[in-house]
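J.: Predicted model and sequence follow; I will ask about them next.
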Amino acid sequence: MSILFQLGDSKFATDEVVSMMAQYQLVPQLVKEMIIDKAIADIEYTPEEAQIACQQLAKDYQLSSEVMLKEWLQRNAMEFKQFESIAIRQLKLEKFKRIQWGGDIESYFLQRKPMLNRVVYSLIRTSNIGIAQELCFRIQEGEESFAELARKYTEGPEAETDGLVGPVELQKIYPGLAKILSCIQPQQLSPPVKIGDWIVIVRLEKFLVAKLDRPMRYRLLNERFNHWLQEQVAALNWQVYQECQEE
């Protein structure tokens, strides 16, 4: 029996490890990593970039000194060369993303921007249209504040925040509600409308325009990369085979 892996006193043969990978649904992740390795194989880097990548990886793992790094390597049964390989792989992957999608990230951002904009809004939801109409009238006439009425009447968890929700991206809001919030102005109250199983009253408090800053650029590059990776995995015809051995 060819031993591939040992955990404590237990030893596992190659076919057992393969079987466990399939059982624990780890094969798709392995396929992804193999696709990445092939994609970044020819990405070049300088020794200075490799050094900075190692420093960044140590920082990510909160290893602020050489002593801490050495102890971490010992705990994880890893040589520094392996640690360096992980850092360089991450470096090459980030370079690959910038090469592939960095050139048109501005146009992609403009395409995605309507759903990346964030809003802060006040919400009351009820299952009774009569109550919704009455509450809307009270708010418009200034008889009671939106917060007071939300605290008393809304049937959702927003009662705990006086009806206030956000900031939240429009893409993460129920589509019907997101459409309303995209069409009204700050401090404008929308009349009762049925959305899903609820009658809702909503008022836009703030509209926060998305900006293509460094974190957003990083996020969108990862979004493009993950979409590409999913397509690559879907295009491959892979299957796990196990050898049948005769007794």
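T.: Alright, I've got the coordinates. Residues are numbered from 1 along each chain as shown.
J.: I'd like the next helix or strand past the helix or strand of the chain with the lowest mean pLDDT.
T.: The helix or strand of the chain with the poorest confidence is strand 3-7; it has a mean of 66 (mean pLDDT, DSSP states H and E). Downstream of strand 3-7, the next assigned helix or strand under DSSP states H and E is strand 10-13.
J.: Model confidence score at Q239, please.
T.: The confidence metric pLDDT takes the value 64 at Q239.
J.: low-confidence ranges in this protein?
T.: Where the chain drops to pLDDT under 70, the residues are 1-7, 238-247.
J.: Break it down into its domains, please.
T.: Using automatic domain parsing, the domain parsing of the chain gives 3-104+218-235, 118-208.
J.: what's the span of the shortest one, first residue to last?
T.: For domain 118-208, the first and last residues are 5 Å from each other (Cα to Cα, to the nearest Å).
J.: mind starting the numbering at 22 from now?
T.: New numbering, starting at 22: the last item is domain 139-229.
J.: just checking, V223 touches C204?
T.: No - V223 lies out of contact with C204 (Cβ atoms under 8 Å); the separation is 11.0 Å. For glycine as for every other residue, the C-beta is placed from the backbone atoms N, C-alpha and C.
J.: Which one of those two is surrounded by more residues?
T.: V223 (25 against 10; other Cβ atoms under 10 Å).
J.: and the residue nearest to that one when sequence neighbours are not counted, what helix or strand is that in?
T.: Distances taken as Cβ to Cβ, 6 or more residues apart in numbering put S211 closest to V223, at 4.9 Å, once the chain neighbours are dropped. When elements are assigned from DSSP H and E, S211 belongs to strand 210-216.
J.: Note down every partner strand of that strand and its orientation.
T.: Using DSSP bridges, the strands paired with strand 210-216 in its sheet are strand 219-229 (antiparallel).
J.: Going by neighbour count, which residues in the partner strand are buried?
T.: Going by neighbour count (16 or more other Cβ atoms under 10 Å), the buried part of strand 219-229 is 219-226, 228.
J.: Need the phi and psi values for D183.
T.: phi 60, psi 30 (degrees, to the nearest 10).
J.: residues near it, how many?
T.: D183 has 15 nearby residues by other Cβ under 10 Å.
J.: ok, now which ones touch it?
T.: D183 is in contact with 143, 167-169, 171-172, counting by Cβ atoms under 8 Å, 6 or more residues apart in numbering.
J.: Any quick PyMOL command for the buried ones out of those?
T.: Only the buried entries of the contacts of D183 go into this PyMOL selection, using 16+ other Cβ under 10 Å:
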select buried, resi 143+167+171+172
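J.: one step back: mind telling me the two of the buried residues of strand 219-229 farthest from one another?
T.: In terms of Cβ to Cβ, these reach their longest pairwise distance at I220 and F228, which sit 23.7 Å apart.
J.: For E100, which non-adjacent residue is spatially closest?
T.: L94 (7.0 Å).
J.: Count the neighbours of that neighbour for me.
T.: L94 has 15 nearby residues by other Cβ under 10 Å.
J.: I205 is in contact with V214, correct?
T.: No - the pair V214 and I205 does not pass the contact test of Cβ under 8 Å, sitting 11.4 Å apart.
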